[in-house]
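Engineer: model the structure of this input:
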Amino acid sequence: MRVTSDASRQKARQEGEDEWVCALFDHIDAMDTNNWVEYLSNDARFCFGNAPPVAGKGAIQDGVNAFFSTLSAVKHDIAETWTPPGAVICRGEVRYTRPDGSTLTIPFANVFKLDGDGLIWEYLIYADTSKL
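Structural biologist: Residues are numbered from 1 along each chain as shown. Just a heads-up that it's a prediction; the model follows:
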C-alpha cells in the first residue's frame, strides 16, 4: 500500500487498508503520546536512530515527549507499508518543524515487531536526525 498524503491516508482508512498504521501515525503527527503509547506492550523496547534503546512503556513515553518538546510539529508521509507475519514495516519521509519555523525533511523506515496481542514489543526507527 502507498500512503503519501492526508487524503491518501483517509482513503486507506475508508478502504480498511492499514488502518492500524494510519492511526498510529495520526497520533505521532499530533504529538499525542497518550494515545500513541497504547500501541506499545508494557515491556516494549524503543530505539530511535543511533540513540540508546529505551525499555518500558512509561520510559518510552517520557523520552518521546522530551523529543517532541524540541519541535513545534512533525508530519510523516508514508510511501509504503509491508506486513510480514509478526511485524509491520513502513518507509517514507518525515518533516520536522523546529520552534523557529524552519523544517527538516528526511527519509525514515520503521520496523514494528508485534506480540501475540498485536502490540508493539520492539519499535525501531531508522532515520538520520543529526541535522535537527
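
Engineer: which residues in this structure form strands?
Structural biologist: Ranges of strands within the chain are 40-48, 54-55, 73-82, 87-97, 103-114, 120-126, based on DSSP state E.

Engineer: point out where this structure drops to low pLDDT.
Structural biologist: Counting by pLDDT under 70, the chain contains low-confidence ranges at 1-17.

Engineer: roughly how far does Leu104 sit from Asp128?
Structural biologist: In this view, Leu104 and Asp128 are 10 Å apart by Cβ to Cβ, to the nearest Å. In short, each C-beta sits where N, CA and C put it, glycine included.

Engineer: and stretch 39-49, what's buried?
Structural biologist: Residues Tyr39, Leu40, Ser41, Ala44, Arg45, Phe46, Cys47, Phe48 are the ones in stretch 39-49 that count as buried (16 or more other Cβ atoms under 10 Å).
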